[in-house]
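[1] sequence first, predicted coordinates after that:
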Amino acid sequence: MPQFVAFIQERKSGPFLSRTFVGRSATEVTARLLDSGTAVATVFEPNSIGALAHKSIPLRQVLFFMEQMESALFLNMEPHLALRVAGLTISEKSRSGRHLRAVIEEMGHAVARGESLSNVARQYPNLFNDVAVGLVAAGEGSGSLDQSFRSIRELVARTDNLKHQTRMMLLQPAMTLLVAFATVAVLVAYVIPQFSYMLDYLGGALPWQTQLMIGASHLVRSNPVLLILAFALAIVVVSRAPYWIKQSPGTHNVVVRIPVFGAYLLSTIRASFIEVFAQLKRNKISNLEAVFLLKDISWFFPYRTAIARAYIGLQSGQSLARVLSEEADIVGDRNIQYFRFMEETGSDVAQLERLAILMNRELDAYTERLKEIVTPIILIILAGIVGLIAAAIILPMYEIYNRI
């Protein structure tokens, strides 16, 4: 039997430990650990994914594929025919488009040979995450695959929108700082050094602000390759930092403690939790199975182990609100109160969907507040840069004027 690596947490707030287990599949190992009362964050088989499953596919293309599958299945096409139709609509002009089309073709051949769509989808995590696989399996069992793909499409669209909002929130400050640093580089390299020559000739002394800028100028002009390498390294670090954080469980508890960003991370997790739970309940999935699938909607290990503990509590017969109340720091006190209210009143899925709408509105409002916090910080940084440049230019001019 194959070996699997699992990250578990033996006690709440404890470290995430790596353990090796033997089993038939990652799902079977996960279920076995949960049945034994172990809070498991993730289980995976090293080097088990095929070549195409490693290819990155943009969310916009995944969303388009889900839309085509939803439409084809709504017209009562068989899954293998729906996959063929969806594959024909994918453009091959881009590399990611060619990868996506190849994945769809492989899936179509496997389904045509008699494999279930959910089992085939599980082999392509770059296209179907665990929640999507669970929805597909539920759709196959209930004969409502088109509704399952509608739910998947809505979830992918929401994820894409969240990522777009985050990028837009960070883009303006990044561009502003880039222009500011480019301006500083030009002044440091070509303008400010001229004051040094003039004051040397007149026998004057440069103020410390100007000396600092000139020292930076000499460093830039004497080591241009080093500067380019440092700039490139900074870009790589910034762009790869999210991936490194996700792959390093030890950093997860640190990230959530970062002021502002930690609160924003928890807000996105809580909104996603309610949204996906509503989608799962709309597809008539039980609370126990829904919680099992909800564990994998986020990369954040403290969330995953919190939901794993909630699953263990549900297995023992406790209510959903009761088990979630033990994880209030992750799920949120107000959400727990809503769950308790819905359990006491017997509310239907529509009530849960209204809660999801409310959570999304609050997340949008929080994003706007975050922008309002980031903008003044950027202005303060720019004010400091402008003040330093002004002092480095104006003070030598006064000194030259006095010497003349």
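    Yes, it's here.

[2] every contact and neighbour count from this point should use C-alpha atoms.
    Fine.

[3] buried stuff in stretch 97-105?
    97-101, 103-105 (16 or more other C-alpha atoms under 10 Å).

[4] cool, stretch 261-276 as well?
    Of the residues in stretch 261-276, those buried (16+ other C-alpha under 10 Å) are 263-264, 266-276.

[5] so what touches that stretch?
    Stretch 261-276 has contacts (C-alpha atoms under 8 Å, 6 or more residues apart in numbering) with 155, 255-256, 294, 297-298, 330-332, 352-353, 355-357, 359-360, 363, 366-367.

[6] apply 6 Å and report the result again.
    Outside stretch 261-276, the residues within contact range by C-alpha atoms under 6 Å, 6 or more residues apart in numbering are 256, 331, 356, 359.

[7] now the closest residue to the first one other than its chain neighbours: phi and psi?
    To tie it back to what came earlier, the one meant is V256. With C-alpha to C-alpha, 6 or more residues apart in numbering as the measure, G262 is the residue that lies nearest to V256, at 4.0 Å, once sequence neighbours are left out. The phi and psi values for G262, taken as degrees, to the nearest 10, are phi -60, psi -40.

[8] sorry, back to before: farthest-separated two in the buried residues of stretch 97-105?
    With distances taken as C-alpha to C-alpha, the most widely separated pair in the buried residues of stretch 97-105 is G97 and E105, at 12.3 Å.

[9] now do stretch 356-375: distance to the chain's middle.
    The gap between where stretch 356-375 is centred and where its chain is centred comes out at 16 Å by C-alpha atoms, centre = their mean, to the nearest Å.

[10] what's the mean pLDDT across it?
    What stretch 356-375 shows for mean pLDDT is 79.

[11] next: stretch 130-141.
    For stretch 130-141, mean pLDDT rounds to 79.

[12] count of neighbours near the residue nearest to F300 when sequence neighbours are not counted?
    Distance criterion C-alpha to C-alpha, 6+ apart; nearest residue to F300, sequence neighbours excluded, is H252 at 6.5 Å. Using other C-alpha atoms under 10 Å, H252 is surrounded by 19 other residues.

[13] just the buried residues of the host helix or strand of H252, please?
    Taking DSSP states H and E as the criterion, H252 maps to helix 252-255. By neighbour count, with 16+ other C-alpha under 10 Å as the criterion, the buried positions of helix 252-255 are 252-253.

[14] ok so, going back, closest to Y124 out of the buried residues of stretch 261-276?
    The nearest one, if we look at the buried residues of stretch 261-276 relative to Y124 and count by C-alpha to C-alpha, is V276, at 20.2 Å.

[15] and that closest one, that's in a helix?
    Yes - applying DSSP: H, G, I helix; E, B strand; the rest coil, one finds V276 inside a helix.

[16] need the three-state assignment for A41.
    strand.

[17] which one of the buried residues of stretch 97-105 is nearest A392?
    When the buried residues of stretch 97-105 are compared for distance to A392 (C-alpha to C-alpha), G97 comes out closest, at 52.0 Å.

[18] what's the closest non-adjacent residue to L352?
    Here the nearest residue to L352 in space, its sequence neighbours aside, is A278; by C-alpha to C-alpha, 6+ apart that works out to 5.7 Å.

[19] how many other residues sit next to the one you found?
    As a burial measure, the neighbour count of A278 was computed by other C-alpha under 10 Å and equals 23.

[20] helices and strands around the lengthiest helix in the chain, which ones?
    The helix spanning the most residues in the chain, taking DSSP state H as the definition, is helix 349-403. For helix 349-403, the elements it packs on are helix 261-282, judged by 3 or more C-alpha pairs under 6 Å, 6 or more residues apart in numbering; DSSP states H and E.

[21] now the helix it packs on: average pLDDT?
    84.

[22] can you give the distance of that helix from its chain's centre?
    12 Å.

[23] from here on, count from 357
    Okay, using 357 as the starting number, the last item reads as helix 617-638.

[24] show me which positions of stretch 667-674 end up buried.
    Residues of stretch 667-674 classed as buried by neighbour count (16+ other C-alpha under 10 Å): 667-670.

[25] in the chain, where is pLDDT below threshold?
    With pLDDT under 70 as the threshold, the chain has low-confidence stretches at 403-409, 498, 525-526, 528-529, 533, 540-541, 544-561, 573, 576, 755-760.

[26] ok, and what's touching stretch 376-388?
    With contact meaning C-alpha under 6 Å, 6+ apart, stretch 376-388 is reached by 357-361, 399-400.

[27] go again with 10 Å.
    Where contact means C-alpha atoms under 10 Å, 6 or more residues apart in numbering, the residues beyond stretch 376-388 that reach it are 357-363, 389-401, 486, 648, 664.

[28] sort out for me which of those are in strands.
    359-363, 395-400 (DSSP state E).

[29] neighbours around I750, how many?
    The burial metric for I750, expressed as a neighbour count using other C-alpha under 10 Å, is 12.

[30] that one and T566, how far apart?
    9 Å (C-alpha to C-alpha, to the nearest Å).

[31] over to G443?
    In terms of C-alpha to C-alpha, G443 sits 62 Å off from T566.

[32] looking at these two, which is more packed in?
    For G443 versus T566, the count of surrounding residues by other C-alpha under 10 Å is larger for T566: 25 against 22.
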